[in-house]
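Asks: Dropping a prediction and its sequence here:
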Amino acid sequence: RKEVEQDPGPFNVPEGATVAFNCTYSNSASQSFFWYRQDCRKEPKLLMSVYSSGNEDGRFTAQLNRASQYISLLIRDSKLSDSATYLCTNNQGGKLIFGQGTELSVKP
Amino acid sequence: EAQVTQNPRYLITVTGKKLTVTCSQNMNHEYMSWYRQDPGLGLRQIYYSMNVEVTDKGDVPEGYKVSRKEKRNFPLILESPSPNQTSLYFCASFTSSYEQYFGPGTRLTVT
């Protein structure tokens, strides 16, 4: 079993839809969690850190469930520009483990 | 402008010819890391460094070396490249809260 697992998708959604991604992790020693966005084999860019209390940034909401060992990302009111691959990662004291990424395609 | 730079961006080489990919950051971050990205396998950490002269293995360190002689630079060295090291490589520097900033990537082909 991979340490960090994501549904690779693709998720094909219409503009304006709400879409949610989950990411499960197996190492309970994971200290912190993040979502990154990657466009077409360019460098990943930090989207959000994920806090235990949950956090929101505009249309994006991230949640952490330590008991069930998963993090989630919710995107509301999807835009065409949200089309990308979304990577989750956790940190184990400098050792950073990425999921495989979930591909999102937002259609007009 | 805060950034991570990598050079070269594209490299085609032959098996066994030593090469170095440079990485430099101007954000004064203590921590730096190298990854490779392959289809179906995602981003995998090769090595990371938490301070000058301190380096640790990630998930896939075999066939790679790194050095951290100064804070801003973290070169990746392939002493004897092989075709299975053909990949897209990313360098990143990260904050003390582990938020990462990636370089633009280096596409390496080993024939």
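Replies: Perfect, thanks for sending it.
Asks: from here on, contacts and neighbour counts on C-alpha atoms
Replies: Noted.
Asks: got the contact list for the closest residue to residue A:8 other than its chain neighbours?
Replies: The shortest distance from residue A:8 to any non-neighbouring residue, by Cα to Cα, 6 or more residues apart in numbering or on different chains, is to residue A:102 (4.3 Å). Contacts for residue A:102 (Cα atoms under 8 Å, 6 or more residues apart in numbering or on different chains) come out as A:6, A:7, A:8, A:9, A:10, A:11, A:21, A:85, A:86, A:87.
Asks: Most neighbours of all those residues, which one?
Replies: For the contacts of residue A:102, the largest number of neighbours (other Cα atoms under 10 Å in any protein chain shown) sits with residue A:87, at 27 neighbours.
Asks: which residues in the chain form strands?
Replies: Here I'm looking at chain A. Applying DSSP state E to chain A gives strands spanning A:4-6, A:11-14, A:19-25, A:32-38, A:45-50, A:55-57, A:60-65, A:70-75, A:84-92, A:95-98, A:102-107.
Asks: ah, no, chain B please
Replies: B:4-7, B:10-13, B:19-25, B:31-38, B:42-51, B:54-57, B:65-66, B:76-78, B:87-94, B:100-102, B:106-110.
Asks: So residue B:102 sits against residue B:95, correct?
Replies: No. Assessed by Cα atoms under 8 Å, residue B:102 is found out of contact with residue B:95, at 11.8 Å.
Asks: about what we covered before: could you dump the strands of chain A to TSV with mean pLDDT?
Replies: Output for the strands of chain A, formatted as TSV (pLDDT from 0 to 100):
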stretch	mean pLDDT
strand A:4-6	91
strand A:11-14	96
strand A:19-25	94
strand A:32-38	95
strand A:45-50	94
strand A:55-57	92
strand A:60-65	94
strand A:70-75	95
strand A:84-92	93
strand A:95-98	90
strand A:102-107	96
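Asks: Which one, of these, ends up nearest to residue B:26?
Replies: strand A:45-50 (16.9 Å; Cα to Cα).
Asks: Name the strands paired with the closest one and say parallel or antiparallel.
Replies: Sheet pairing of strand A:45-50 (DSSP bridges) gives strand A:32-38 (antiparallel).
Asks: now the partner strand and strand A:19-25, what's the angle there?
Replies: 130 degrees (axes from the mean of the first three to the mean of the last three Cα atoms, to 10 degrees).
Asks: Contacts for strand A:32-38 next, please.
Replies: By Cα under 8 Å, 6+ apart, strand A:32-38 touches A:44-51, A:71, A:73, A:84-92, B:98-99.
Asks: 6 Å - rerun?
Replies: Defining contact as Cα atoms under 6 Å, 6 or more residues apart in numbering or on different chains, one finds that strand A:32-38 is touched by A:44-50, A:84-91.
Asks: same check, this time on stretch B:98-106
Replies: Contacts for stretch B:98-106 (Cα under 6 Å, 6+ apart): A:43, B:4, B:5, B:9, B:10, B:88, B:89, B:90, B:91, B:92, B:93, B:94.
Asks: List only buried entries from the residues you listed.
Replies: If you count burial by 16 or more other Cα atoms under 10 Å in any protein chain shown, the buried members of those come out as A:43, B:4, B:5, B:9, B:88, B:89, B:90, B:91, B:92, B:93, B:94.
Asks: if we can go back for a sec, which one (most neighbours) among the contacts of strand A:32-38?
Replies: Busiest of the contacts of strand A:32-38 [other Cα under 10 Å] is residue A:88, holding 31 neighbours.
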